[in-house]
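J.: Let's see this in three dimensions:
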Amino acid sequence: MFSSDDFPPEIPSLFSKCFTYKKDEAWHLPSTAELLSSDHEEFTYLLSLKESLNAVKNLLSDKKLDDWHRHTSFTNRAGRIVPEVRRGANAELCTQAWCKFHEIIYTYPLLPNTALWSYELNTLHLCEAPGAFVSSLNHYLKTQDVRCDWNWVANTLNPYHEANSDLVMIADDRLIANTLPWWYFGPDNTGDIMNARYLEGLQKFTSNMSSVHLVTADGSFDCQGNPGEQEVLVYPLHYCEVVTCLATLGPGGSFVLKMFTLFQHSSVNLMYLLNCCFQAVHLIKPGTSKAGNSEVYVVCLGYVGKEAIQGHLEKMVAHLGSDLRGQSLFAHRSLPASFLRCHHDCCTYFNNHQTQTILENLKLFSHMSEEEKLHLEVLRESAVSYYLQRFQIKYIPRKHWLVRKPRVGCSFNARWVGTRNRRTYTYNERKHLEELSWREKAAQGYFSSFLEDHVAGDLGKGCFLEGPSCEPRHEDWYLLQGQRLSKIQSSSFCDCDLLNKYNEAIKGCSEGGSSITLPSLCCPSCPLQPAGDVVSSLLEMVQNGHHILVCGAYPVFEVLHQRQLSSGFLECAPPQQPISLLHDGDPAYQQQLISLVLQAFQRLQTGDSFLLPVLSSLTRFTAGIVYILCHCFQVISFSCPTSNLTCGTNAVLLCCGYQPLPSPVLQHIHQVKQLVDHLVGTASPQQVLEFVPMEELLTGHFLEFLWDLNSAILRRSLHLIGLHEYKTLSGSGQARATVPRD
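T.: Got it, this is the predicted structure:
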């Protein structure tokens, strides 16, 4: 029998940081006319709590993130719980979020009373990536033998939308990639819940659900650049999460919302709104949430239903996507004194716990005795036992996982792991970097490695992709269009840390007044790969007696023509253009690319070869083109020479052993071209984002080939741009003299 008395007193208290709002009859919504009709007006006594907490946080400003994170991971009493649950319970996607949700669902009655509902459970999970709440709920339902027909829908910023910054997305897509039909990314495909049109699309997507019984919202932003204002920065997201919940949750339903400090008037308003819309509101700081951060979870039970707040809800929905920084949900006079007293008690309670933890961690960071280390080890072991017993963690066989046999996902690529969320520098050092322009960073040597890493002339040699033995599974293919891309900030087909550096270089050049094209760039220390070498590489792959069709790589065509090996030439060279943050995401470029491929299919004979110049393959659209080529050629390789073969070219795809595509696949590509022609021709704000399902593009060897291709292109281009700018700075005497080795 479980008893808290069997554990050191610190452990039960770690898992009992809870607060409940005690409502009275004065707590009710003001009239709709008063809603969003006044300016923000802060509460001085709450701001004093904020200032005292920030003063303590400021003591961390000179600590390097990696060192501090390593230290607080050791002092975290609950630090060993996640790996133990993952191992002992065989928990799917077991993370801190998984364990936090398991605490919450065991502490509060989030699910309907089984006596009152008809064995159907519908849940909605906002800002859910990577999917730990969903997998934790699945574990709970299976191990507690809850027999129901469970339907779930999840939302997150789409990790596959190229305009989404990887800095605000979760890299882990193990669950997402293998459960894509359950994820709704909105009409623009970004997954941005703060888009005004998202809610309308979500309501249509969930319209087959009789009622939504539970909504969770686990969203946040990276606030490392300004941690003292985390609450203000995240408020617009919290507003959208709350309004989305109120518009979709069924009567009697539950809501779990992650928030942080609650000092600002905006947060006070949200808490009052939730107290007026739910029968009971609780706050919990799960024991598996790091005690030194500001994270808390708001647990709302017994929703009154959207019909009861229809007028208020309509007005709040109308303000989705608006700038609410100057508007307040409620005026001061609308908030009862009893609520404000209760809220102040709540803020004080959690503020004291957080402050105490930070100060203790600072003390131990300066010096930790062997006795203190031993005591922490004992507490960490006790926390594991306490968690497993109190929250009844049970083993689950893999056959009950949501993803029993994972097939796709960027996270399965070993080279992908660890390329995001790298934490270096102290807070003060990061602030200094933010204040520097790209040219100033270049002058101070921050890009030295790319300047010194000269590019081999045979970049790409040895990278081959063999065509699959079976036809593509085209039956479920579809055309996905969304808002036109403005720039490529992330890609599922490359190291995004490398892409970020390249984008920073491009942006730095444009801000400095430069408009450069790759044909104008060269490095005298990089070995050149003449067109004849490209041809020689190709001839090693080409079958005897077959011809080669060349698109736009003029020097290569000339060599082949001289050797009488070319079957023809397709004029395809893009116009000479400045390097752009759009990369291969320009609809006009994509239109030209798919046109060239279709023209080639009309001229190629079985066994022929094909040379196609490309800018890059960072987008789902261009990756789809490469995927199609993979299915109609026996082998594909690429060449990424240090001297351009033709204008607008960063690499050349070498495709050998042509086999005609099945008619349905070819028809699908023609439909893609028709839609692309229409959107480009009408200057539509939309573009085709995807025409081969993402599940197909994320498969093993194909994904690795795109990774190699894009890495070669980005490293080569970053080297050439960096050298170009360094020489510019050297001419003005701004650069360090020790960087390049030309």
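
J.: Which residue ranges make up the domains of this structure?
T.: Domain assignment for the chain by automatic domain parsing gives 4-155+193-406, 457-492+526-711.

J.: mean pLDDT for those: which is lowest?
T.: Mean pLDDT is lowest for domain 457-492+526-711 among the domains of the chain, at a mean of 82.

J.: what about the domains of the chain, which gets the closest to Q444?
T.: Of all these, domain 4-155+193-406 sits nearest to Q444, with 18.9 Å by Cβ to Cβ. All C-beta atoms are positioned from the backbone trio N, CA, C, and that covers glycine.

J.: and the end-to-end length of the closest one?
T.: Terminal residues of domain 4-155+193-406 lie 39 Å apart, using Cα to Cα, to the nearest Å.

J.: for that domain, the distance to its chain's centre please.
T.: Taking Cα atoms, centre = their mean, to the nearest Å, the mean C-alpha location of domain 4-155+193-406 is offset from the chain mean by 20 Å.

J.: Columns distance to I176 and mean neighbour count on top of the domains of the chain, output as a markdown table?
T.: Compiled in a markdown table, the domains of the chain are given as follows (distance: least, Cβ to Cβ, whole Å; neighbours: other Cβ atoms under 10 Å):
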| stretch | distance to I176 | mean neighbour count |
| --- | --- | --- |
| domain 4-155+193-406 | 6 | 18 |
| domain 457-492+526-711 | 9 | 19 |
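
J.: In a markdown table: the ones you listed, plus distance to G186.
T.: Listed next are the domains of the chain as a markdown table, based on distance: least, Cβ to Cβ, whole Å:
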| stretch | distance to G186 |
| --- | --- |
| domain 4-155+193-406 | 4 |
| domain 457-492+526-711 | 9 |
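
J.: Which of the ones you listed sits closest to E435?
T.: For E435, the closest of the domains of the chain is domain 4-155+193-406, at 11.1 Å, according to Cβ to Cβ.

J.: isn't L679 right next to Q686, touching?
T.: Yes. Using Cβ atoms under 8 Å, L679 is in contact with Q686, at 5.7 Å.

J.: list the residues that contact both of the two?
T.: Both L679 and Q686 are contacted by Q481, under the criterion Cβ atoms under 8 Å, 6 or more residues apart in numbering.

J.: Which secondary structure state does R147 sit in?
T.: Here R147 is coil, with the state taken from DSSP: H, G, I helix; E, B strand; the rest coil.

J.: Then I105?
T.: With three-state DSSP as the basis, I105 sits in helix.

J.: now do the one 4 residues further on
T.: Following three-state DSSP, P109 is assigned to coil.

J.: Now it: closest residue in space that isn't a chain neighbour?
T.: Among residues not flanking P109 along the chain, L301 sits closest, at 6.8 Å (Cβ to Cβ, 6 or more residues apart in numbering).

J.: looking at the sheet around the one you found, what are its partners?
T.: Going by DSSP bridges, L301 is paired in beta bridges with A280.

J.: Do I have it right that it meets T107?
T.: No. Applying Cβ under 8 Å as the test, L301 and T107 come out as separate, 11.3 Å apart.

J.: residue contacts, the residue nearest to P109?
T.: By Cβ under 8 Å, 6+ apart, the contact list for L301 reads Y108, P109, L110, S254, F278, Q279, A280, V281, H282.

J.: Mind doing that once more with 10 Å?
T.: Counting by Cβ atoms under 10 Å, 6 or more residues apart in numbering, L301 touches 108-110, 252-256, 278-282.

J.: With H161 instead?
T.: 169, 185-186, 188-192, 482-483, 485, 489-490, 492, 619-620, 689-690 are the contacts of H161 under Cβ under 10 Å, 6+ apart.

J.: Now, those that are in helices?
T.: Among the contacts of H161, the members falling in helices (DSSP state H) are R620.

J.: that older thread, got the contacts of L301 as TSV, with distance to H631 columns?
T.: Below are those laid out as TSV (distance: Cβ to Cβ, whole Å):
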residue	distance to H631
Y108	51
P109	52
L110	46
G252	51
G253	46
S254	47
F255	46
V256	44
F278	53
Q279	57
A280	56
V281	55
H282	54
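
J.: And the residues you listed, which is closest to Y297?
T.: The shortest approach to Y297 among the contacts of L301 belongs to V256, at 5.9 Å (Cβ to Cβ).

J.: Spell out the secondary structure type for the closest one.
T.: V256 ends up strand, using three-state DSSP.

J.: So which of the domains of the chain is nearest D173?
T.: Using Cβ to Cβ, the domains of the chain put domain 4-155+193-406 closest to D173, at 6.7 Å.

J.: For F43, state which of the contacts of L301 is nearest.
T.: Nearest member of the contacts of L301 to F43, counting by Cβ to Cβ, is V281, at 18.8 Å.

J.: so that closest one touches V256, yeah?
T.: No. Assessed by Cβ atoms under 10 Å, V281 is found out of contact with V256, at 11.3 Å.

J.: what do these two both touch?
T.: By the contact definition Cβ under 10 Å, 6+ apart, V281 and V256 are jointly contacted by V298, V299, C300, L301.

J.: In JSON lines: those residues, plus distance to S16.
T.: Listed next are these as JSON lines, based on distance: Cβ to Cβ, whole Å:
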{"residue": "V298", "distance to S16": "17"}
{"residue": "V299", "distance to S16": "14"}
{"residue": "C300", "distance to S16": "20"}
{"residue": "L301", "distance to S16": "19"}
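
J.: of those, closest to A163?
T.: Closest approach to A163 among the shared contacts of V281 and V256 (Cβ to Cβ): V298, at 30.9 Å.

J.: That closest one is in what secondary structure piece?
T.: Element membership of V298 [criterion: DSSP states H and E] is strand 296-303.

J.: in which helix or strand would I find the closest residue to T288 other than its chain neighbours?
T.: Leaving out its chain neighbours, the residue that sits closest to T288 by Cβ to Cβ, 6+ apart is C99, at 4.1 Å. In this assignment (DSSP H and E), C99 forms part of helix 96-107.

J.: And the strands in the stretch 351-500 of the chain, which stretches?
T.: In the stretch 351-500 of the chain, the strands defined using DSSP state E, counting those that start in this stretch lie at 464-466, 480-483.

J.: Kindly reformat those as JSON lines containing distance to S663.
T.: Formatted as JSON lines, these follow (distance: least, Cβ to Cβ, whole Å):
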{"stretch": "strand 464-466", "distance to S663": "24"}
{"stretch": "strand 480-483", "distance to S663": "22"}
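
J.: Can you tell me which of these is nearest to G624?
T.: Closest to G624 of the strands of the stretch 351-500 of the chain is strand 480-483 (Cβ to Cβ; 10.2 Å).

J.: C-alpha coordinates for the helix holding C99, PDB please?
T.: The C-alpha coordinates for helix 96-107 follow below in PDB (Å, rounded to 0.1, in the frame of the first residue of the first chain):
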ATOM      1  CA  GLN A  96       9.500  15.200 -19.300                       C
ATOM      2  CA  ALA A  97       6.200  16.300 -20.900                       C
ATOM      3  CA  TRP A  98       5.000  12.600 -20.900                       C
ATOM      4  CA  CYS A  99       5.700  12.300 -17.200                       C
ATOM      5  CA  LYS A 100       4.200  15.700 -16.400                       C
ATOM      6  CA  PHE A 101       1.000  14.800 -18.100                       C
ATOM      7  CA  HIS A 102       0.800  11.500 -16.300                       C
ATOM      8  CA  GLU A 103       1.000  13.300 -13.000                       C
ATOM      9  CA  ILE A 104      -1.800  15.700 -14.000                       C
ATOM     10  CA  ILE A 105      -4.200  13.000 -15.300                       C
ATOM     11  CA  TYR A 106      -3.700  11.000 -12.000                       C
ATOM     12  CA  THR A 107      -4.200  14.100  -9.900                       C
END
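
J.: could you give the angle of it to strand 296-303?
T.: 40 degrees (axes from the mean of the first three to the mean of the last three Cα atoms, to 10 degrees).

J.: packing partners for helix 96-107?
T.: Packing partners of helix 96-107 (3 or more Cβ pairs under 10 Å, 6 or more residues apart in numbering; DSSP states H and E): helix 81-88, helix 132-143, strand 212-217, strand 249-259, strand 278-285, strand 296-303, helix 370-390.

J.: ok, now with 6 Å
T.: helix 81-88, helix 132-143 (3 or more Cβ pairs under 6 Å, 6 or more residues apart in numbering; DSSP states H and E).
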